[in-house]
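Enquirer: the following block contains a protein sequence and its predicted model.
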Amino acid sequence: LLPRLEREQALEVTAIHSVAGALPEDRPLLVRPPFVAPHHTATVAAVIGGGSGAIRPGAVSLAHRGVLFLDEAPEYPATVLDSLRQPLESGTVTVSRAMGSVTFPARFILILAANQCPCARPSGPADPCRCTPMARRRYLARLSGPLLDRVDIKITLHRSSRRELLADRRFIEPSRVVAERVLAARERAAKRFTGTPWRCNAEVSAQALHTDYRPASKAMSPLLRCLDSGELSARGLDRTLRVAWTLADLAGKSAPEVTETNAALGLWLGEAR
């Protein structure tokens, strides 16, 4: 679904994979965004970078300009999950060893998948899961608040029936159609940022986001109400604004309206279905 990498981005990604010794022999230049999915037993060094000899990039850098997917996220060690907070903020990761420090780029899309309880057993009202409420809370609490504060979109998926799965087939869009829509949104954002160092909404500085690219007062009102009530953090405000701009780009609008800010707020709070 993600567009092909621009030439400078492709050179960045290729250089990282070359340093890590992960560059395929038949592809001297990587032009597609990478997809990296480390196992839940991966160490901090494997995810962030490091090594006993030469310092090598980890999974967060191998996923630069692409996707880092953590399946069964609560199963990862807390040290690994918390180590993601800094690269999510800065887009870089610095690995320090006795021989010195190395900074690698690490601007990636993080996708976390988690079951609601340790047993991961499909359950419903007629056949509930046997995990206790305490076990469920303890399991999901492995995803710390500071980490979830950096997750832009939180969605709860419920078990689908056979009838629902068959009915959904009529509304499925091919990946090619969705990819074209994503590319058009990226191009709209790139055109808006002409003359700036940014190419997409995720890269815009917080200062510019609240000055040059601040939506109209009416569109900001639902976000400010939640900010005043404490439902939305300052970091969450920045992230909902970026998502609102992305939704506006997908809809072909010149700026976010109340529809986009409300939708972005629901996605950040985890109230979307």
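Expert: Nice, thanks for sending it over.

Enquirer: show me the contacts for Asp82.
Expert: Ser144, Pro146, Leu147 (Cβ atoms under 8 Å, 6 or more residues apart in numbering). Glycine gets a C-beta too; all of them are placed from N, C-alpha and C.

Enquirer: number of nearby residues for the last one?
Expert: If I follow you right, that is Leu147. 19 (other Cβ atoms under 10 Å).

Enquirer: does it touch Ser83 like I think?
Expert: No - the pair Leu147 / Ser83 is not scored as a contact, 9.8 Å apart, by Cβ atoms under 8 Å.

Enquirer: from the contacts of Asp82, which ones fall inside strands?
Expert: Applying DSSP state E to the contacts of Asp82, no entry is found in strands.

Enquirer: could I get those residues as JSON lines with distance to Glu25 and pLDDT?
Expert: Shown next, in JSON lines, are the contacts of Asp82 (distance: Cβ to Cβ, whole Å; pLDDT from 0 to 100):
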{"residue": "Ser144", "distance to Glu25": "40", "pLDDT": "92"}
{"residue": "Pro146", "distance to Glu25": "41", "pLDDT": "91"}
{"residue": "Leu147", "distance to Glu25": "37", "pLDDT": "94"}
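
Enquirer: of those residues, closest to Leu88?
Expert: Leu147 (8.2 Å; Cβ to Cβ).

Enquirer: neighbouring strands for the helix or strand hosting Phe104, and are they parallel or not?
Expert: Under the criterion of DSSP states H and E, Phe104 resides in strand 100-105. Here strand 100-105 is paired, per DSSP bridges, with strand 92-97 (antiparallel).

Enquirer: what residue ranges in the stretch 51-200 of the chain score low on pLDDT?
Expert: For the stretch 51-200 of the chain, the stretches with pLDDT under 70 are 122-127.

Enquirer: the strands in it, which residues?
Expert: Using DSSP state E, counting those that start in this stretch, the strands of the stretch 51-200 of the chain run over residues 56-57, 67-70, 92-97, 100-105, 109-112.

Enquirer: redo the ones you listed as TSV? Include mean neighbour count.
Expert: Listed next are those as TSV, based on neighbours: other Cβ atoms under 10 Å:
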stretch	mean neighbour count
strand 56-57	23
strand 67-70	21
strand 92-97	16
strand 100-105	15
strand 109-112	17
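
Enquirer: can I get these in a markdown table with distance to Trp268?
Expert: Shown next, in a markdown table, are the strands of the stretch 51-200 of the chain (distance: least, Cβ to Cβ, whole Å):
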| stretch | distance to Trp268 |
| --- | --- |
| strand 56-57 | 30 |
| strand 67-70 | 19 |
| strand 92-97 | 24 |
| strand 100-105 | 26 |
| strand 109-112 | 14 |
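
Enquirer: Glu8 is nearest to which of those strands?
Expert: Among the strands of the stretch 51-200 of the chain, the nearest to Glu8 by Cβ to Cβ is strand 100-105 (11.7 Å).
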